[in-house]
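Asker: Below is the sequence, then the predicted model.
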Protein chains: 2
Amino acid sequence: MTRTGERTTVTSDAVLDSALTLFAALGYHGTALSQIAGALEVRTPSLYNHMRSKHDLLLTIVRRTVTGVLDDFTAATDGLTDPRDRLLAATRAYALRHATHRREAIVVNRDTSSLDEPHRSEMQALRRTHDHALRAIIEEGVAAGRFSIDSPALGSFAIREMCVSVARWFRDDGPMTAEQVAEEYTGFALRIVGAE
Amino acid sequence: MTRTGERTTVTSDAVLDSALTLFAALGYHGTALSQIAGALEVRTPSLYNHMRSKHDLLLTIVRRTVTGVLDDFTAATDGLTDPRDRLLAATRAYALRHATHRREAIVVNRDTSSLDEPHRSEMQALRRTHDHALRAIIEEGVAAGRFSIDSPALGSFAIREMCVSVARWFRDDGPMTAEQVAEEYTGFALRIVGAE
DNA sequence: CCTACCGATCGGTAGG
DNA sequence: CCTACCGATCGGTAGG
């Protein structure tokens, strides 16, 4: 973000962005505020002009991300009624998000449990909302006779985590674009539920 | 492990087991040696009679686990030549391990990156060996015309991470046994590669 | 197995 | 935005 020698005013967004990068790379407990400050070329106490606490940084990152996931899901599936269309749209949106928001996904998955209560429970509840929405699509597809799968719950877990893992290996300079990866994973999801 | 009031001699295995539980729950950087000592009802310095350092505890856990994964893979696929049989056996073993060694899987996946060099690179190389072996099975299946999948690499990622995620939600007292889960996931893997 | 203690570093505050 | 500094806690050691 900030290049050596440049004079850039630190903003809340810049602090969050540096925190995101470092939390993703080193973990929440593995990152010191002095490292975030160092990345922004300021002293640690200066950070407190742009944030409340280290914990609040994590909370903001997690809240924005899980909210974004739910918004993505709603936008992608809104208006669709066919279970196959809905699963396809939900999987594409989820896989795409994990290719385009890698740091956020890594932090949410690794460090949500480091949040203090009641925030931890609140964020986990939001994540569960998405889980249930995805599972509901599969159950509807099974009920409608469009999908063929023994356990919708296990299928839901498998599809979700397969998408989440994209954040761990995807590279912007790799051989496939985020859209291409999302397309492939959508195909995997349809195969898992026996939709083809 | 140690119940209140009982007099139990602490062993290296007991220290490793407590470390495993706490690292899995709180993360390597989120766990203090004082907590491991507390779980064993001794003072922190006493731990040093049974370990070299906190880092060495993590290294031991990671090394044993990744070695175990490779041994599992070899034992499961040894003697099998049919790509479908090999993928089935490899997936079953991998999923089963993640249901039966949940703590180990969580620690390896979250905290291998906290290892010091050269250990970090060594452990990551061992993990990559398994990744490549799994991918090779899919590539052989495609080459033999037995599997139908656009990208063996992506399919390999998807199958692997789907199995890894079992460690995050499986419960011994849940509705399915580890074997039943492994069986379902094996079915998902075969569907992903288009083997049926 | 313990008490006593080490230097280092942590997140955060005072005060300007 | 800074320097100076706080109490707490960290992993680890000395010495018995």
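Answerer: Nice, I can see it. Numbering: from 1, shown residues only, chains lettered A, B, ... in the order given.
Asker: SS state for A:G38?
Answerer: Three-state call for A:G38 (DSSP: H, G, I helix; E, B strand; the rest coil): helix.
Asker: again with A:V42
Answerer: Three-state assignment for A:V42 (three-state DSSP): coil.
Asker: What sits closest to it if chain neighbours are left out?
Answerer: Distances taken as Cβ to Cβ, 6 or more residues apart in numbering or on different chains place A:V10 nearest to A:V42, at 5.9 Å, with adjacent residues excluded. Where you see a C-beta, it was placed from the backbone N, CA and C, and this is true even at glycine.
Asker: residues making contact with stretch A:166-175?
Answerer: The contact list for stretch A:166-175, computed with Cβ atoms under 8 Å, 6 or more residues apart in numbering or on different chains, reads A:95, A:98-99, A:101-102, A:105-106, A:109, A:178, A:181, A:185, B:157, B:161.
Asker: Out of those, which sit inside helices?
Answerer: Counting by DSSP state H, the members of those that fall within helices are A:95, A:98-99, A:102, A:105-106, A:109, A:178, A:181, A:185, B:157, B:161.
Asker: Next, format these as TSV and append distance to DNA strand C and pLDDT.
Answerer: Output for the ones in helices among the contacts of stretch A:166-175, formatted as TSV (distance: Cβ to the nearest atom of the strand, whole Å; pLDDT from 0 to 100):
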residue	distance to DNA strand C	pLDDT
A:A95	33	98
A:H98	27	98
A:A99	29	98
A:R102	22	98
A:A105	22	98
A:I106	18	98
A:N109	20	97
A:A178	32	98
A:V181	34	98
A:Y185	35	98
B:F157	33	97
B:E161	30	96
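Asker: Looking at the residues you listed, which is nearest A:T44?
Answerer: Sorting the ones in helices among the contacts of stretch A:166-175 by distance to A:T44 puts A:I106 at the head of the list, at 23.9 Å, by Cβ to Cβ.
Asker: List the residues that contact the closest one.
Answerer: A:24, A:167-168.
Asker: Any chance of CSV for these, columns distance to A:P152 and neighbour count?
Answerer: CSV is the format used below for the contacts of A:I106 (distance: Cβ to Cβ, whole Å; neighbours: other Cβ atoms under 10 Å in any protein chain shown):
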residue, distance to A:P152, neighbour count
A:A24, 32, 21
A:A167, 24, 22
A:R168, 25, 15
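Asker: Okay, and which of the residues you listed map to strands?
Answerer: Counted as lying in strands by DSSP state E, out of the contacts of A:I106, is not a single one.
Asker: between the residues you listed, which is nearest B:V193?
Answerer: Nearest to B:V193 among those, counting by Cβ to Cβ, is A:R168 at 20.5 Å.
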